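**Q** Only the shape, not the letters, is given here:
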Ligand SMILES: Cc1ncc(COP(=O)(O)O)c(C=O)c1O
């Protein structure tokens, strides 16, 4: 009997993050002190106002299917947020689909835009769901290196060097996971020109748009001539610390979004009804919550950077956004996988090997500083002692 189709047989199941996470949980259950820096989630509770609105709607019986593209109140609330925060102006009736997290939006897009065998340019290292969603849809991923020397900022010239005749889109992610890098306005302009010259689409994952420690987020969607070829992907997961609520969205040209909505209908019908009510409340009134969280994360970023700078042989770009760092460990002469496993076993600090985020992550490891200040100081100290004793 055949269990798997051909695509699943070549699905990457290496699970660089999963292995570490499983092991860290096991060690914790055995009583060891673990500092969890492997998972990308804020350590804050979700906003109270979102919880209260959700509970109220649940108690009022708002428990059935909703409009597939999302309840109108939520689409309008997202419009309020996007137009004010990012200058993104769109039609809430026809140009947005609310999904079960950004991940569903990414998967639906991959299934909607490409013919099998067509390619997408993905700056690497990248959020691992990109390549997995591409693989499920039969889309070829062309990895475009993000260079340490450029502070991991994507460069249009590197896209130019990688583009092929069957490339249909480029996926950008600013602020980025796992690098924490942002793409500045000037480079976004060059990337926009590149996309227009090759007549390809841009998927712009802006999940961390509020996590900026310097300057302000710029969306490529707002640059001249880009609205018609850009799909913005975003999510309530990180900015409101709502990773388990599973609400994200995609904003793009109406003729495309009609079909994205169709694919989304077949995958999940609609985002959970009462959850949408709470998320709408967060987009309308949750700005202070996000602001306070980001202020705290800036302090943590600085603490983390200070701690890592003291570790011999470890090189660091201090990230301008998100809540990750991707230190380089090539000078230590050890593979990231070996380093992260050993670090976990000997010190209890859980981090992720960089190559879990694509080929160009080799030579790096990622840590999330969305943990308490005390944990950051303690983790940096453990890493320093470990490296000094072993390399
Ligand atoms: C860049 C990026 N995009 C999207 C997501 C997924 O977001 P969601 O929880 O909305 O599916 C993540 C989660 O880590 C991410 O890092």
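**A** Structure received. These numbers were taken from a predicted model, which means no experiment stands behind them.
**Q** Could you use CA atoms for every contact and neighbour count after this?
**A** Fine.
**Q** Mind jotting down where the helices sit in the chain?
**A** Residue ranges of the helices in the chain, as given by DSSP state H, are 6-9, 16-29, 48-59, 72-81, 101-113, 129-136, 156-162, 185-197, 254-268, 273-285, 287-309, 336-347, 373-390.
**Q** With respect to residue 358, which of those helices lies nearest?
**A** Residue 358 lies closest to helix 129-136 among the helices of the chain, at 8.4 Å (Cα to Cα).
**Q** where in this protein is pLDDT low?
**A** Low-confidence regions of the chain, defined here as pLDDT under 70, cover residues 14-15.
**Q** ok so, going back, export the helices of the chain to JSON lines and tack on distance to residue 175?
**A** Formatted as JSON lines, the helices of the chain follow (distance: least, Cα to Cα, whole Å):
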{"stretch": "helix 6-9", "distance to residue 175": "31"}
{"stretch": "helix 16-29", "distance to residue 175": "20"}
{"stretch": "helix 48-59", "distance to residue 175": "25"}
{"stretch": "helix 72-81", "distance to residue 175": "18"}
{"stretch": "helix 101-113", "distance to residue 175": "15"}
{"stretch": "helix 129-136", "distance to residue 175": "15"}
{"stretch": "helix 156-162", "distance to residue 175": "16"}
{"stretch": "helix 185-197", "distance to residue 175": "12"}
{"stretch": "helix 254-268", "distance to residue 175": "24"}
{"stretch": "helix 273-285", "distance to residue 175": "19"}
{"stretch": "helix 287-309", "distance to residue 175": "13"}
{"stretch": "helix 336-347", "distance to residue 175": "23"}
{"stretch": "helix 373-390", "distance to residue 175": "21"}
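**Q** mind putting those helices in a markdown table, mean neighbour count and distance to residue 356 included?
**A** Putting the helices of the chain into a markdown table (neighbours: other Cα atoms under 10 Å; distance: least, Cα to Cα, whole Å) gives the following:
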| stretch | mean neighbour count | distance to residue 356 |
| --- | --- | --- |
| helix 6-9 | 10 | 18 |
| helix 16-29 | 16 | 5 |
| helix 48-59 | 17 | 33 |
| helix 72-81 | 20 | 32 |
| helix 101-113 | 23 | 17 |
| helix 129-136 | 18 | 11 |
| helix 156-162 | 15 | 21 |
| helix 185-197 | 17 | 26 |
| helix 254-268 | 18 | 26 |
| helix 273-285 | 23 | 31 |
| helix 287-309 | 18 | 21 |
| helix 336-347 | 19 | 9 |
| helix 373-390 | 16 | 20 |
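**Q** hmm, who's touching stretch 376-391?
**A** Contacts made with stretch 376-391 from outside it, assessed by Cα atoms under 8 Å, 6 or more residues apart in numbering, are listed as 35, 300, 303-304, 307-308, 310-312, 332, 343, 346-347, 349, 369.
**Q** Which one of the residues you listed is nearest to the ligand?
**A** Compare each of these with the ligand using Cα to the nearest ligand atom and the shortest gap goes to residue 369, at 13.5 Å.
**Q** Quick one: residues contacting the closest one.
**A** Contact partners of residue 369, counting by Cα under 8 Å, 6+ apart, are 37, 297, 300, 301, 304, 323, 324, 325, 376.
**Q** Can you give me the distance of the spatially closest residue to residue 11 that is not a sequence neighbour to residue 353?
**A** Leaving aside its chain neighbours, residue 11 sits nearest to residue 135 (6.9 Å; criterion: Cα to Cα, 6 or more residues apart in numbering). As for residue 135, its distance to residue 353 is 21 Å (criterion: Cα to Cα, to the nearest Å).
**Q** can I assume residue 336 is in contact with residue 359?
**A** No. Using Cα atoms under 8 Å, residue 336 is not in contact with residue 359; the gap is 11.7 Å.
**Q** For the two, list the residues in contact with both.
**A** None of the residues lies in contact with both residue 336 and residue 359 under the rule Cα under 8 Å, 6+ apart.
**Q** Most widely separated two among the contacts of residue 369?
**A** Greatest spatial distance among those (Cα to Cα): 37 and 297, at 13.7 Å.
**Q** what is in contact with the two at once?
**A** Contact criterion Cα under 8 Å, 6+ apart; residues shared by residue 37 and residue 297: 369, 370.
**Q** Quick check: residue 63 vs residue 219, distance?
**A** Taking Cα to Cα, one finds residue 63 at 35 Å from residue 219.
**Q** of the two, who's got more company?
**A** Set side by side, residue 63 and residue 219 show unequal neighbour counts under other Cα atoms under 10 Å, the larger going to residue 219 at 23 against 13.
**Q** who's in contact with the nearest residue to that one once chain neighbours are set aside?
**A** Spatially, and ignoring its direct neighbours in sequence, residue 219 is nearest to residue 86 (6.5 Å; Cα to Cα, 6+ apart). Residue 86 sits next to 217, 218, 219 when contact means Cα under 8 Å, 6+ apart.
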